[in-house]
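> One predicted model, sequence on top.
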2 protein chains.
Amino acid sequence: MLTDRQLIILQTIIDNFIQTATPVGSRVLSKNEKISLSAATIRNVMADLEDLGLLEKTHSSSGRIPSEKGYRYYVDHVIGPSIKNKEVDLLTHMIEDNIYEYEQIVQTSADLLSKLTNYTTIILGPDVIKARLKQIQFITISPQLAVAILVTNTGHVEHRSVTIPSGLNVNDLEKLVNILNEKLYNVPIIHLEKMLETEIYNLMKKHINQYDQMYTYLKSVMRYEQPVKVFIGGQTNLLTQPEFRDIEKVYSLYTMMENEEKIAKLLESPSSGIKVTIGNENENDAINHLSLITSSYNLGLNQMGTIGLLGPTRMEYKKVITLLKSLSNELSQLLRQAEDKE
Amino acid sequence: MLTDRQLIILQTIIDNFIQTATPVGSRVLSKNEKISLSAATIRNVMADLEDLGLLEKTHSSSGRIPSEKGYRYYVDHVIGPSIKNKEVDLLTHMIEDNIYEYEQIVQTSADLLSKLTNYTTIILGPDVIKARLKQIQFITISPQLAVAILVTNTGHVEHRSVTIPSGLNVNDLEKLVNILNEKLYNVPIIHLEKMLETEIYNLMKKHINQYDQMYTYLKSVMRYEQPVKVFIGGQTNLLTQPEFRDIEKVYSLYTMMENEEKIAKLLESPSSGIKVTIGNENENDAINHLSLITSSYNLGLNQMGTIGLLGPTRMEYKKVITLLKSLSNELSQLLRQAEDKE
DNA sequence: CATTAGCACTCAAGATGTGCGAGTGCTAAC
DNA sequence: GTTAGCACTCGCACATCTTGAGTGCTAATG
């Protein structure tokens, strides 16, 4: 356990470093009004904090910077009661005014969060796979071409182009659609393909001519290969951070961000609530010099999605955590409303 | 007009610089087998080419690099009959195998083109606004919530969430949909909103209770604010180019690429066919040290979209132009097939 | 005995200096 | 017209110097 004096000095150093990104020396600290100690005394305290592994020097006679352990301590102990602030309210209002298109809300949230924090926002959309089928429709564009449209109970719309087998007539198609809608109503998207292979198959064989031809097309319609949707906001924000003067880092990070799977892996976590991962605590090499703060938002009991904020280890933890908590609550509420209306 | 000797030296310098990104000196050139002249003679030729504004020096005693005018000459005169090569075939086949989902084709094309060239691909999707309405549908998710789905003759699907006014009953909704489909069939997407305001309005007033309430919602459904869709592939490729060691440039470029409007402006051009814009010929500051090669692909007579490749001014013009020509033809054909089937 | 002033020491970063080598332009010879 | 030779230029890499912010230690102080 740290003494009060140690705590305030640690906190001041971290706050300072978060703002300036340069090592903090004893003289600067001694001028801080909260600390009425001479530089020499502060140096002693700093040495103690360094022994505890909470601070680091960049070289033998430099000022101190927080170690990752230091940030960890700061996050766990210093940021206690996070205060709702103006920015949170702004965010909340903007979302409320905009109850419109789901994807749009998420993207706007991502952009807004980035604007407020100057970091990069990554949002994992709600898991489409877990949603249930509300209705399926085919709309013919031409004799050979149709569009299959699937709508889920969450209001999500999926669509695919399908080539129509030449033998299929309008009657058959109608029958087909009727059967599908009857049998697949309320079935989770993830189970559609399996249902098609088992229960539906025999039934169709009976009623539809040339079903085998149609079968392959239907399967391709029902296959949902993209498990989650990734939204990224403020990708360029990180470029303004001095930590990114090195092109190599930019390259590896951006390459990682082009890969939706990797991002999804990064954000997926069993726990719910706020989670802070600092520097090397991240397994992914591309961000092991960054901090990632994630928060999940949910619909009822099923966890649905995750919001993440990516920034340098000297992140404005307090602000970010507050914002994130608020936003994920807001999104959860939105989704719950949609379900309640159902 | 340049002499043969001048031409071959200019060409060799540019080819060389494209590969190495370092100034080319007379000694290196004299060792090239195509040029059997001494270094001294070459220096004289180079001096002439510099006088013509086709070459530049980085400092008074450096080797030469091509000026933008030099690239321009190279593109206009040296790259004559572009040869179909292996890479083009590869690309063509991959597209043919993949006649599936339109957006997917475009995104795959973008990624592929980037992989083949190591530059960044930007594709402007076909103009949704110009497509015509095939069918409109409402699918109710809950008593208060519905999804409106618009399908165009090109197979494009648009969808919006709509809140259902509490007074509206199922009958009315059905009538509404029928009227809309009857009156708006084959109407270009861009005219939908206007039609709604004029012709449709009075008709609806007659048949539907509480139409005024519904009207605002409908308008929001019909409004199509996003004129073109932008696909970007291989965004990180440019980061590997030595021209991008400077974070500032990366920042301004990436910021520009986050803005779909600006990108659309960049690629939109009245002319069809291949267009090469070199360095300062670009009006946009973010890319005025880069070259942009665009090619439009079309459906019948209506120009539909544009493919662009963004790279350093020392771009592999020959390869890129060949690939681009081929790909845009391929895409045009695909879209034409879709229309023919209609 | 905790706190502080003073001082010698350290080290990163910027400024300055130097040598090297790739490349040029010019001139004179072939 | 072409080429060899030579003096000259200048960026770049490298070493050296200077500066100043910051430290740790010690001795004096309330």
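Looks like it arrived, so ask away.
> Whatever residue of the stretch 1-150 of chain A ends up closest to DNA strand C: which element?
Using C-beta to the nearest atom of the strand, the single residue of the stretch 1-150 of chain A nearest to DNA strand C is residue A:61, 2.9 Å away. All C-beta spots, glycine's among them, are computed from the backbone N, C-alpha and C. Element membership of residue A:61 [criterion: DSSP states H and E] is none; it lies in no helix or strand.
> moving C-terminal of the helix or strand bottoming out on mean pLDDT in chain A, what's the next helix or strand?
Least confident helix or strand, chain A: helix A:86-96 with a mean of 65, by mean pLDDT, DSSP states H and E. Later in the chain than helix A:86-96, the nearest helix or strand by DSSP H and E is helix A:102-117.
> Now do that following helix: which elements does it pack against?
With contacts taken as 3 or more C-beta pairs under 8 Å, 6 or more residues apart in numbering or on different chains; DSSP states H and E, helix A:102-117 sits against helix A:86-96, strand A:120-124, strand A:230-233, strand A:302-312, helix A:317-341.
> And the fourth one, how far out from the chain middle?
Here strand A:302-312 is found 3 Å from its chain centre; the criterion is C-alpha atoms, centre = their mean, to the nearest Å.
> could you say what helices and strands that strand packs with?
On a contact count with 3+ C-beta pairs under 8 Å, 6+ apart, strand A:302-312 meets helix A:102-117, strand A:120-124, helix A:260-267, strand A:290-299, helix A:317-341.
> tell me the angle of that strand relative to strand A:290-299?
Per axes from the mean of the first three to the mean of the last three C-alpha atoms, to 10 degrees, the angle that strand A:302-312 makes with strand A:290-299 is 160 degrees.
> Using PDB, list the CA coordinates for strand A:302-312.
Below are the C-alpha coordinates for strand A:302-312, written out as PDB (Å, rounded to 0.1, in the frame of the first residue of the first chain):
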ATOM      1  CA  ASN A 302     -27.000 -12.400 -24.300                       C
ATOM      2  CA  GLN A 303     -23.800 -10.400 -24.600                       C
ATOM      3  CA  MET A 304     -24.000  -8.700 -28.000                       C
ATOM      4  CA  GLY A 305     -21.100  -6.500 -28.800                       C
ATOM      5  CA  THR A 306     -18.000  -4.800 -27.600                       C
ATOM      6  CA  ILE A 307     -16.800  -1.200 -27.800                       C
ATOM      7  CA  GLY A 308     -13.000  -0.700 -27.600                       C
ATOM      8  CA  LEU A 309     -10.800   2.300 -27.400                       C
ATOM      9  CA  LEU A 310      -7.200   2.100 -28.500                       C
ATOM     10  CA  GLY A 311      -4.600   4.700 -27.400                       C
ATOM     11  CA  PRO A 312      -1.100   5.100 -26.200                       C
END
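> how much does that strand deviate in direction from helix A:102-117?
With the same axes, to 10 degrees applied, the angle from strand A:302-312 to helix A:102-117 works out at 30 degrees.
> Need the residues that contact the helix or strand where residue A:254 lies.
Residue A:254 belongs to helix A:247-257 when assigned by DSSP H and E. Residues from elsewhere that reach helix A:247-257, judged by C-beta atoms under 8 Å, 6 or more residues apart in numbering or on different chains: A:122, A:232, A:235, A:238-239, A:243-244, A:262-263, A:284-287, A:289-290, B:235-236, B:239-240, B:244-245, B:247, B:250.
> and DNA strand D, which of those contact it?
Under the cut-off given by C-beta under 7 Å from any atom of the strand, DNA strand D has nothing from the contacts of helix A:247-257 close to it.
> and whichever residue of the stretch 1-150 of chain A sits closest to chain B, helix, strand or coil?
Residue nearest to chain B within the stretch 1-150 of chain A (C-beta to the nearest C-beta): residue A:142, separated by 4.0 Å. For residue A:142, the assignment made with DSSP: H, G, I helix; E, B strand; the rest coil gives coil.
> buried sites along the helix holding residue A:254?
Residues of helix A:247-257 classed as buried: A:247, A:249, A:250, A:251, A:252, A:253, A:254, A:255, A:256, A:257 (neighbour count, 16 or more other C-beta atoms under 10 Å in any protein chain shown).
> Closest to DNA strand D out of the residues you listed?
Closest to DNA strand D, out of all of the buried residues of helix A:247-257 and judged by C-beta to the nearest atom of the strand, is residue A:247, at 16.0 Å.
> Can you give me the distance of that closest one to residue B:241?
Distance from residue A:247 to residue B:241, counting by C-beta to C-beta, to the nearest Å: 10 Å.
> so residue A:128 touches residue A:158, yeah?
Yes - counting by C-beta atoms under 8 Å, residue A:158 is a contact partner of residue A:128 at 7.4 Å.
> Residue A:317 against residue A:70, yeah?
No - applying C-beta under 8 Å as the test, residue A:317 and residue A:70 come out as separate, 11.5 Å apart.
> Indicate whether stretch A:144-153 makes contact with chain B.
Yes - counting by C-beta under 8 Å from any C-beta of the partner chain, chain B is contacted by stretch A:144-153 at A:144, A:145, A:147, A:149, A:151, A:153.
> Spell out which residues of the stretch 51-200 of chain A are next to DNA strand D.
A:57, A:61, A:62, A:63, A:64.
> what about chain A, any weak spots by pLDDT?
A:80-101, A:225-227, A:270, A:299-303, A:334-342 (pLDDT under 70).
> In it, which residue sits nearest DNA strand D?
Closest point on chain A to DNA strand D, by C-beta to the nearest atom of the strand, is residue A:25, at 2.7 Å.
> what number of residues lie near the nearest residue to residue A:177 once chain neighbours are set aside?
Computed as C-beta to C-beta, 6 or more residues apart in numbering or on different chains, the closest residue to residue A:177 that is not its neighbour in sequence is residue A:138, at 5.9 Å. For residue A:138, the neighbour count with other C-beta atoms under 10 Å in any protein chain shown is 16.
> where does residue A:138 land in three-state SS?
Under the three-state scheme (three-state DSSP), residue A:138 adopts strand.
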